[in-house]
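S.K.: Quick one, fold the following:
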Amino acid sequence: MTSRCPAPGVQPGPRRRAMLLAALGGAGAGALAGCTDSASDAAAGSAPAAASAPPSGERAGQGGAFRAARQPGIRGRVQPYAAFVALDLARGAGRTELRRLLAIWSDDIERLMSGRAPLTDPEPEVARHTAGLTVTVGVGPRPVSLARGAGAVPEWLGPLPAYSIDRLQERWCGGDLLLQVCADSPTTVYHAARRLSIGVRDLAEVRWTQRGFREPLNTGEGLVGMRNLFGQVDGSINPQDDSLVFAGAGAPDWLVDGSSLVLRRIRMDLDKWEQADRVARENAIGRRLSDGAPITGGAELDLPDFDAIDALGFHVVDDAAHVRRAHSSAPSEQILRRPYSYAEGQAPGADAGLLFAAYQVDPLAQFDPIQTRLAEADLLNLWTTPIGSAVFAILPGIGADEHLGRALLA
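M.R.: This next block holds a predicted model:
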């Protein structure tokens, strides 16, 4: 069954950030988001100019522009390192605290993505190396309810339906807020995730952190997709139609140009998988391990011939093969996938697997039908177990002098 963790309490305390906000006129973090860089640095009174200026070749845009109609970190190049951080708002938090938190993040994310340290960063030199950094922010049902009322929470924004294969652990489920932090350097990812979490610790507490990795050389469009820990080529085919990924007409006004993220933590039994021979592995997937192409022939991005019959009269692509169960002829049942591997040790039975990150407009209409078929009959279920699940609304991007969530909090 789908699990939800109770929101832990967060004890407020005096913080330099709070004093800075007060010094900026008592208008909350909205005043901070509207400051010019020079004014903010002067207010901080700590980071020297040399540490604040991004070095040549490390300017904004390498990982995607922060201020744009849509947030970075969904379309485009997939960086090899990622951290997904869920936080819970402090007990008693309301619209004011939510607005303040999102304004703080807006200022800090813009700085980090452009190679400038956040105002409270004691390691500003680390921030100078952007390494293609992108940060993507999402919200769970509680922030939407605080901002717009419980009736404004989309039906899909909450726990997914219970699937028979799920063995969900509370420590990997739920959350009020999400930070997706991706970069070409694990140091950059860690530093950004830490600074963004610590910068709002009076307002929210970290619920869980999940760190992922993938091959650095297989991240560009048109190249072989990443290989997961089973050796499979993973996440190759994604929809080109943005209307399946980003909210448009008919969506709530606060979500237009936003999206949704389903994050599933899938444990992979590597010990058991490694006992299967190559024929059994490829039969379970329906694709060749060598290049990710269908076992019926073709190239990585080609669809299998689901009607092909072998000499014994059976489907070449097994009726329970993963690629067959995941496939749909319905145009709406498509999701954009950005998967990462994870590993928590090397010993036999260690927790290792896949952080399956899927973006779509409506998880119930797009993700759930696929997952339902996989839960009913997928040969890969012999070796995989979902142990974490969370759904977030990805906020739209922002323009000049705006902060994240401005439309939500209007």
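S.K.: and the residue nearest the centre of the chain, what does it touch?
M.R.: With distances taken as C-alpha atoms, centre = their mean, the residue of the chain nearest its centroid is residue 180 (4.5 Å). Going by C-beta atoms under 8 Å, 6 or more residues apart in numbering, residue 180 touches 73, 82, 83, 84, 134, 135, 136, 137, 138, 261, 357. To be clear about C-beta, it is placed using only N, CA and C from the backbone, and glycine gets the same treatment.
S.K.: want to try TSV for those residues, with pLDDT as columns?
M.R.: Below are those laid out as TSV (pLDDT from 0 to 100):
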residue	pLDDT
73	96
82	98
83	98
84	98
134	98
135	98
136	98
137	98
138	98
261	98
357	98
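S.K.: Surely residue 264 is in a strand?
M.R.: Yes. Assigned with DSSP: H, G, I helix; E, B strand; the rest coil, residue 264 falls within a strand.
S.K.: oh, and call the first residue 59 from now on, that's how I've got it
M.R.: From this message on, residue numbering opens at 59, which makes the last subject residue 322.
S.K.: still on that earlier bit, just the ones in strands from the contacts of residue 238, please.
M.R.: Assignment to strands by DSSP state E places the following of these there: 140, 141, 142, 192, 193, 194, 195, 196, 319, 415.
S.K.: Where does pLDDT dip in this protein?
M.R.: Confidence mapping of the chain against pLDDT under 70 gives the ranges 59-122, 275-283.
S.K.: just checking, what's the longest helix in it?
M.R.: Taking DSSP state H as the criterion, the chain has its longest helix at helix 153-171.
S.K.: who does the next helix or strand along the chain from that one touch, helix- and strand-wise?
M.R.: Remark: after helix 153-171, the chain's next helix or strand is helix 182-185, criterion DSSP states H and E. If contacts are counted by 3 or more C-beta pairs under 8 Å, 6 or more residues apart in numbering; DSSP states H and E, helix 182-185 sits against helix 107-110, helix 244-256.
S.K.: And the contacts of the longest one?
M.R.: What it means is helix 244-256. 139-141, 143, 145, 163, 166-167, 170, 176, 178-179, 181, 184-185, 187-189, 191, 193, 237, 239-241, 264, 267, 269, 271.
S.K.: Just give me how far it sits from the chain centre.
M.R.: Its chain's C-alpha centre and that of helix 244-256 lie 15 Å apart, by C-alpha atoms, centre = their mean, to the nearest Å.
S.K.: got the CA coordinates for that helix in CSV?
M.R.: The C-alpha trace of helix 244-256 is given here as CSV (Å, rounded to 0.1, in the frame of the first residue of the first chain):
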residue,chain,number,x,y,z
PRO,A,244,28.9,15.4,-7.6
THR,A,245,30.5,18.2,-5.5
THR,A,246,28.3,20.8,-7.2
VAL,A,247,25.2,18.7,-6.6
TYR,A,248,26.0,18.2,-3.0
HIS,A,249,26.9,21.8,-2.3
ALA,A,250,23.8,23.2,-4.0
ALA,A,251,21.5,20.7,-2.3
ARG,A,252,23.0,21.5,1.1
ARG,A,253,22.9,25.2,0.7
LEU,A,254,19.3,25.2,-0.5
SER,A,255,18.2,22.9,2.4
ILE,A,256,20.1,24.8,5.1
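S.K.: Sort out which residues of the next helix or strand after that helix are buried, please.
M.R.: Secondary structure here is assigned by DSSP H and E; on that basis, the next helix or strand after helix 244-256 toward the C-terminus is strand 262-271. By neighbour count with 16 or more other C-beta atoms under 10 Å, strand 262-271 contains the buried residues 262, 263, 264, 265, 266, 267, 268, 269, 270, 271.
S.K.: Just send the contacts of residue 238 back as TSV, with neighbour count too.
M.R.: Conversion of those to TSV gives the following (neighbours: other C-beta atoms under 10 Å):
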residue	neighbour count
131	24
140	26
141	24
142	29
192	27
193	26
194	26
195	23
196	26
319	23
415	26
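S.K.: I'd like those residues as TSV, with distance to residue 353 appended.
M.R.: Shown next, in TSV, are these (distance: C-beta to C-beta, whole Å):
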residue	distance to residue 353
131	33
140	30
141	35
142	32
192	35
193	39
194	35
195	40
196	37
319	31
415	26
